[in-house]
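Q: Compute the structure for the input listed below.
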Amino acid sequence: MKGIAKVFVVALGFALSFAAVAAEKLDPALQATTKEKFDDQAAAIRSQMKAGGRWEFVDAGERDTVEKRLDEITALMASSSEVGELPGGDKAKLLEAQEEVNAILTKKDGRRLICQNVAPTGSNRKQKTCTTFAERERERRESQNYLRNEVRQGGLRTN
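A: Okay, here's the model as predicted:
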């Protein structure tokens, strides 16, 4: 019984240390600390939301929200050069806007790795397959375009 408890404690320790390492690797897109740093980050975000960029798959509604929130942060940062100099209410508004932008960009990050355990056809043994969000989204769009074109040309029938 003591042996099982030791194994459990060691496994739990490894799991917690792995979670700590994974948490350190999170890279939020926006970390507004100074006006200059924010301006650089906002420009980079706007350019990366265009076709071929890291966040090219942000849809129109989300893009409007990101733009609105970036403009909101710009207005808040206009009166001071650092976040620490902002009054408490403005700092809270800035952090809220920053969190919303980061949530949208994290969800639509083309570099985000998505892994699945999938059993190949004819096998019960699952294999781990990983692809980026951008690869999955491109495949999905290509499949939709292919099906749409086949239906238009009469190659596929829909009932």
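
Q: and the gap between the residue nearest the centre of the chain and residue 112?
A: Centroid check for the chain by Cα atoms, centre = their mean gives residue 106 as the closest residue, at 1.8 Å. Here residue 106 is placed at a distance of 7 Å from residue 112 (Cβ to Cβ, to the nearest Å). C-beta coordinates here come from the backbone N, C-alpha and C atoms, glycine included.

Q: which residues touch the residue nearest to residue 119 when sequence neighbours are not counted?
A: In space, and not counting its chain neighbours, residue 119 is closest to residue 126: 4.9 Å by Cβ to Cβ, 6 or more residues apart in numbering. Contact analysis of residue 126 by Cβ atoms under 8 Å, 6 or more residues apart in numbering lists 117, 118, 119.

Q: same deal with residue 109?
A: Residue 109 neighbours (Cβ under 8 Å, 6+ apart): 29, 54, 55, 133.

Q: okay, now the domains of this structure?
A: 29-107, 113-153 (automatic domain parsing).

Q: Tell me which of those domains is the most buried.
A: The highest mean neighbour count among the domains of the chain, using mean count of other Cβ atoms under 10 Å, belongs to domain 29-107: a mean of 16.

Q: what mean pLDDT does it have?
A: The average pLDDT for domain 29-107 rounds to 90.

Q: What separation do you get for residue 142 and residue 135?
A: From residue 142 over to residue 135 (counting by Cβ to Cβ), the distance is 11 Å.
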